[in-house]
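Novice: Fold the stuff below for me.
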Amino acid sequence: MATDSLNLGLQKPGNLQERWSVMWRRLNLPEPEPQVFWDLCDRYTEPHRAYHTLQHLGECFKWFDRAYDLAENPAAVELALWFHDAVYDTRGADNEARSAELAAQVIESVGGGCLLQQSVQTMILVTQHEAAPSTIDMSFVVDIDLAILGVGVDRFTQYEAQIRQEYDWVPEDRFRQKRAEILQSLLNRPSIFTAEFFRERLECQAQSNLHRSLTMLREGLG
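Specialist: Modelled structure (predicted):
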């Protein structure tokens with residue numbers, strides 16, 4: 001199935017703020033102090049980020065909205081998406097763990113229970129892409145995070161440049177080697193996407209994008 005044509009632009013903070021408020025109502029929890037939302041937006045606009053920005057967050061929400069009715073607990077999935085890249089340091093190895101902890105702290109601050117905290121933390125931690133998701137909601141968070149791999153060639157090329165910019169401190173040969181290893185590990189899976197909804201819409205284009213990128217990376221190493 002061909003990749004759907006989406007307008008994957010940058011969402012304005014005002015639009016995001018409305019989403020944020022609606023989500024907390026769906027969770028039957030009071031909205032956190034306004035500064036929590038603005039601090040989160042500040043994180044996604046840190047100067048060292050090029051891809052993991054509000055643009056990425058907006059792209060995630062576009063896919064989430066399309067699959068909303070298929071999630072078991074869509075409000076919890078959305079909350080995990082909000083925080084999944086809250087901490088992002090290309091020199092760090094614990095970004096997901098710190099992002100998950102931040103999410104749990106915010107949930108606890110508004111009276112959210114341990115089950116919600118643990119669920120959201122687990123969904124964020126699975127975006128390390130080291131283990132297969134074990135629930136449909138975990139699959140949705142993982143697949144939405146990887147949805148950029150299945151977009152059209154122009155956006156994928158921009159994404160690749162954004163990732164390189166975030167790792168501009170890494171020497172070119174080293175970057176190409178590690179990036180090639182990551183892409184190959186994705187291609188080694190039975191499928192890149194785990195949920196049928198995303199496989200049908202993104203798998204074919206993602207396979208094409210990754211094979212093309214991998215070829216270019218290896219040519220650069222040659």
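Novice: Residue 86 in helix, strand or coil?
Specialist: Residue 86 falls in the coil class when you classify it by DSSP: H, G, I helix; E, B strand; the rest coil.
Novice: That one: how many residues sit nearby?
Specialist: Applying other CB atoms under 10 Å, we find 22 residues neighbouring residue 86. From N, CA and C alone the C-beta is placed, and that goes for glycine too.
Novice: ok, and what's touching the helix or strand where residue 118 lies?
Specialist: Per DSSP states H and E, residue 118 falls inside helix 114-125. Outside helix 114-125, the residues that touch it by CB atoms under 8 Å, 6 or more residues apart in numbering are 27, 73, 76-77, 79-80, 83-84, 96-97, 99-101, 103-104, 107-108, 137-138, 141.
Novice: could you give the angle of the helix or strand just after it to helix 114-125?
Specialist: Next along the chain after helix 114-125, taking DSSP H and E as the criterion, comes helix 136-146. On the basis of axes from the mean of the first three to the mean of the last three CA atoms, to 10 degrees, helix 136-146 is oriented at 40 degrees to helix 114-125.
Novice: same for helix 136-146, what does it pack against?
Specialist: Packing partners of helix 136-146 (3 or more CB pairs under 8 Å, 6 or more residues apart in numbering; DSSP states H and E): helix 54-67, helix 74-83, helix 114-125, helix 196-221.
Novice: Now the residue most central in space within the chain: closest residue in space, sequence neighbours ignored.
Specialist: Nearest to the mean C-alpha position of the chain, by CA atoms, centre = their mean, lies residue 145 at 2.9 Å. Leaving aside its sequence neighbours, residue 145 sits nearest to residue 127 (CB to CB, 6 or more residues apart in numbering; 5.0 Å).
Novice: if I pick that neighbour, what's in contact with it?
Specialist: Applying CB under 8 Å, 6+ apart, the residues near residue 127 are 84, 96, 141-142, 145.
Novice: Next: residue 211.
Specialist: Shown in contact with residue 211 (CB under 8 Å, 6+ apart): residue 187.
Novice: So for it, what pLDDT did the model give?
Specialist: Reading off the confidence values, residue 211 has pLDDT 98.
Novice: Any chance you could give me stretch 138-157 in CSV, C-alpha atoms only?
Specialist: Extracted C-alpha coordinates of stretch 138-157, given in CSV (Å, rounded to 0.1, in the frame of the first residue of the first chain):
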residue,chain,number,x,y,z
MET,A,138,3.5,-0.2,23.1
SER,A,139,3.5,-1.1,19.4
PHE,A,140,1.7,2.1,18.6
VAL,A,141,4.2,4.3,20.4
VAL,A,142,7.2,2.4,18.8
ASP,A,143,5.6,2.5,15.3
ILE,A,144,4.6,6.2,15.6
ASP,A,145,8.2,7.1,16.7
LEU,A,146,9.5,5.2,13.6
ALA,A,147,6.9,6.5,11.2
ILE,A,148,9.4,9.0,9.8
LEU,A,149,11.1,6.1,8.1
GLY,A,150,8.1,5.5,5.9
VAL,A,151,7.5,9.0,4.6
GLY,A,152,8.2,10.3,1.1
VAL,A,153,11.7,10.7,-0.2
ASP,A,154,11.9,14.5,0.3
ARG,A,155,11.0,14.4,3.9
PHE,A,156,13.1,11.3,4.6
THR,A,157,16.1,13.1,3.1
